[in-house]
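Visitor: okay, here's the prediction I keep looking at, along with the sequence it came from:
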Amino acid sequence: MAVTSAAPDTAGDVMTHQLATLLRTLRHGHALAGKQDIAEAAAILKPANPDAIRLGDDCAAIPDGDGYLLLASEGFQDSFVRSMPWFAGYCGVMVNVSDIAAMGGRPVAVVDALWSDTSETAASILTGLHDGARTYDVPVVGGHTNMRSTHNSLSVAILGRARHLLTSFDARPGEVLIAAIDLRGRWHDPHPFWDASSTLCGTDGAARLQGDLELLPCIAEDGLSRAAKDISMAGLLGTALMLAECSGVGMTITLDDIPRPEDAPMERWLSAFPSYGYLLAARPEDAEAIMARFRGRDIAASVIGQCDSTLRLDVTWGDKKETFWDLARTPLMGFAP
């Protein structure tokens, strides 16, 4: 009796199979599962007042005079803090500053809450926090420290300010999606971090990094974009999905157009958390001006997709197209309009 194989038997079938397998792997990965968990918290914390500050953005944006105060926080669990204490401290500043920039803001100050099982581990974490604060030119102004804990955990909160916002709620059908990513980095194995930041600590490159971040508030203030997110642990597609859900739009993303290091496999790159990586929605006529600003600072930038009204995130690779997620059928975080 002949045994038939489920394996693809033509070049087109191979590409279709590869795309379907890639998207299935990303769809069921730990990173997106973590974002789905947000829906449970959102259901409990959802404001009763319709005029309250909206949940789902990279920072809480609190109206303040002629602008907005921005408030955000990040937490790091024991396994990461224990294995990379200095880098965990550094990331406490780095990822928070990235959230502020993604909202079109500039950082003002950070505070931390640290639990450590030894003073030596605490010293390494705090040194990383100090070095990150120096690199990004944002002061550490207070916090909480416990060096007699049974575990190692770190939480860092940040305050920033914006004149004009970039939000997760303002992408519109007909706009293009731009990815801007600093490819001048390295992997932090075994974690999915693409680090184009920490090697600049204590060097003249720190000033360059601060200037790179200044691009985001300037883009907001010049009216070139109203919607953006920094690429997070959800990876590029997961971050695009969060932006799409909050804005109530769909998107089609072309994988071949995503800025990517030459030696980075597609699956690994789509799972990466880059230290400097942003998605921005913009009018087609403003796209070149936005990309020119990033490219002028040697940051890779390209149009990677389009926003539409489908509520789906579709992905093309080569000449093949698959649906990654259908928000009309399966919400992600529960922040749809």
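Guide: Looks like it arrived, so ask away.
Visitor: can I assume residue 76 is in contact with residue 154?
Guide: Yes: with contacts counted by CB atoms under 8 Å, residue 76 reaches residue 154, the gap being 4.6 Å. The way it works is simple: take the backbone N, C-alpha and C, and place the C-beta from them, glycine included.
Visitor: tell me which of the two has more neighbours.
Guide: Each of residue 76 and residue 154 has its neighbours counted (other CB atoms under 10 Å); residue 154 has more, 27 against 21.
Visitor: surely that one and residue 75 touch.
Guide: Yes: between residue 154 and residue 75 there is a contact at 7.1 Å, judged by CB under 8 Å.
Visitor: what is the helix or strand hosting residue 304 packed up against?
Guide: Taking DSSP states H and E as the definition, one finds residue 304 inside strand 300-308. In terms of contacts (3 or more CB pairs under 8 Å, 6 or more residues apart in numbering; DSSP states H and E), strand 300-308 is packed against strand 176-181, helix 235-247, strand 250-254, helix 287-295.
Visitor: that one to helix 287-295, inter-axis angle?
Guide: Here the directions of strand 300-308 and helix 287-295 differ by 150 degrees (axes from the mean of the first three to the mean of the last three CA atoms, to 10 degrees).
Visitor: residue 74 falls within a strand, correct?
Guide: Yes: assessed by DSSP: H, G, I helix; E, B strand; the rest coil, residue 74 belongs to a strand.
Visitor: check contacts around it.
Guide: With contacts defined as CB atoms under 8 Å, 6 or more residues apart in numbering, the neighbours of residue 74 are 91-92, 95-96, 99, 155-156.
Visitor: quick one on the thing from earlier: buried set for the strand holding residue 304?
Guide: Under the neighbour-count criterion of 16 or more other CB atoms under 10 Å, strand 300-308 has 300-308 buried.
Visitor: helices along this protein, start to end?
Guide: With DSSP state H as the criterion, the chain has helices at 11-27, 30-45, 78-83, 85-102, 119-136, 205-221, 235-247, 266-270, 287-295.
Visitor: relative to residue 183, which of these is closest?
Guide: Nearest to residue 183 among the helices of the chain is helix 266-270 (10.1 Å), distances taken as CB to CB.
Visitor: which residues touch the closest one?
Guide: 22, 25-26, 192, 235-237, 255, 258, 260-261, 317.
Visitor: in that helix, which residues are buried?
Guide: For helix 266-270, using 16+ other CB under 10 Å, the buried residues are 267, 269-270.
Visitor: re the thing from before, mean pLDDT added to the helices of the chain, as CSV?
Guide: Below are the helices of the chain laid out as CSV (pLDDT from 0 to 100):
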stretch, mean pLDDT
helix 11-27, 89
helix 30-45, 88
helix 78-83, 93
helix 85-102, 97
helix 119-136, 97
helix 205-221, 97
helix 235-247, 97
helix 266-270, 96
helix 287-295, 98
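Visitor: output those helices as a markdown table; include the columns distance to residue 71.
Guide: Listed next are these as a markdown table, based on distance: least, CB to CB, whole Å:
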| stretch | distance to residue 71 |
| --- | --- |
| helix 11-27 | 30 |
| helix 30-45 | 14 |
| helix 78-83 | 23 |
| helix 85-102 | 9 |
| helix 119-136 | 17 |
| helix 205-221 | 16 |
| helix 235-247 | 18 |
| helix 266-270 | 30 |
| helix 287-295 | 26 |
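Visitor: out of the ones you listed, nearest to residue 166?
Guide: So among the helices of the chain, helix 205-221 is nearest, using CB to CB, at 4.9 Å.
Visitor: who does that closest one touch, helix- and strand-wise?
Guide: Applying 3+ CB pairs under 8 Å, 6+ apart, we find helix 205-221 packed against helix 85-102, strand 105-115, helix 119-136, helix 287-295.
Visitor: per-residue pLDDT of residue 55, please?
Guide: Per-residue pLDDT puts residue 55 at 86.
Visitor: over to it: give its phi and psi.
Guide: phi -90, psi 150 (degrees, to the nearest 10).
Visitor: pop the domain breakdown of the chain in here.
Guide: Domain ranges of the chain: 19-43+166-326, 60-162, per automatic domain parsing.
Visitor: distance to residue 10 added to the ones you listed, as JSON lines?
Guide: Conversion of these to JSON lines gives the following (distance: least, CB to CB, whole Å):
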{"stretch": "domain 19-43+166-326", "distance to residue 10": "12"}
{"stretch": "domain 60-162", "distance to residue 10": "42"}
